[in-house]
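>>> Starting from these lines, generate the structure:
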Amino acid sequence: MNNYEHFGFYRCFAMEFHCSQLTKHCRVCGGRLVGAKKSKRSIYSSQSYKKELKLAYSIDVIIDHVEIHPPSFCKLCKLSMERVLNASRQKKLAPLRSLVVPFTWKAHTADKCEVSEE
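This is a model prediction of the structure:
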């Protein structure tokens, strides 16, 4: 196996590992998903809440990239999103404490990945 083939294998393995690490983080707040292994109930698919995420956080999951953005979000962000949406339906302003500032997921190299280093 020459160096290029070895590099290709390593790159593929590193990307698989990186993507598996992304599944352990919240798409909205960037925090670790609590109970990611134990309880699937506290994890919500971003694809199932496209419209709600767009309205509450201005997050467009349609343009998400699998190697950059986590596919799920946490229960706390879901509850906050529901508070914001309910307040907007009732024509009230949502309390500031219910608003979660969305984490900005950026493209990066494998050498400088905070998610994979955890």
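
>>> contacts, neighbours, all on C-alpha from now
OK.

>>> mind checking the backbone torsions on residue 78?
Phi and psi for residue 78, reported as degrees, to the nearest 10, are phi -70, psi -40.

>>> no no, residue 15
Main-chain torsions, residue 15, degrees, to the nearest 10: phi -70, psi -40.

>>> now swap in the one 3 residues further on and tell me
In this entry, residue 18 is assigned phi and psi values of phi -60, psi -50 (degrees, to the nearest 10).

>>> now it: how far from residue 45?
18 Å (CA to CA, to the nearest Å).

>>> So which of those two has more stuff around it?
residue 18 (19 against 14; other CA atoms under 10 Å).

>>> pLDDT score for the more buried one?
pLDDT for residue 18: 81.

>>> what's the weakest-modelled helix or strand in this structure?
Every helix and strand of the chain was ranked by mean pLDDT, DSSP states H and E. The lowest is helix 114-117, at a mean of 65.

>>> Might you list the low-confidence residue ranges for the chain?
Residues of the chain that meet the criterion pLDDT under 70 lie in 1-11, 35-41, 92-99, 109-112, 114-118.

>>> those helices in it, which residues are they?
Ranges of helices in the chain, per DSSP state H, are 3-22, 50-57, 75-89, 114-117.

>>> Using CSV, lay out those helices together with distance to residue 108.
Shown next, in CSV, are these (distance: least, CA to CA, whole Å):
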stretch, distance to residue 108
helix 3-22, 11
helix 50-57, 23
helix 75-89, 25
helix 114-117, 10
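
>>> which one of those helices lies closest to residue 34?
Proximity to residue 34 (CA to CA) singles out helix 75-89 among the helices of the chain, at 8.8 Å.

>>> Give me the distance from that closest one to the chain's centre.
Relative to its chain's centre, helix 75-89 lies at 17 Å (CA atoms, centre = their mean, to the nearest Å).
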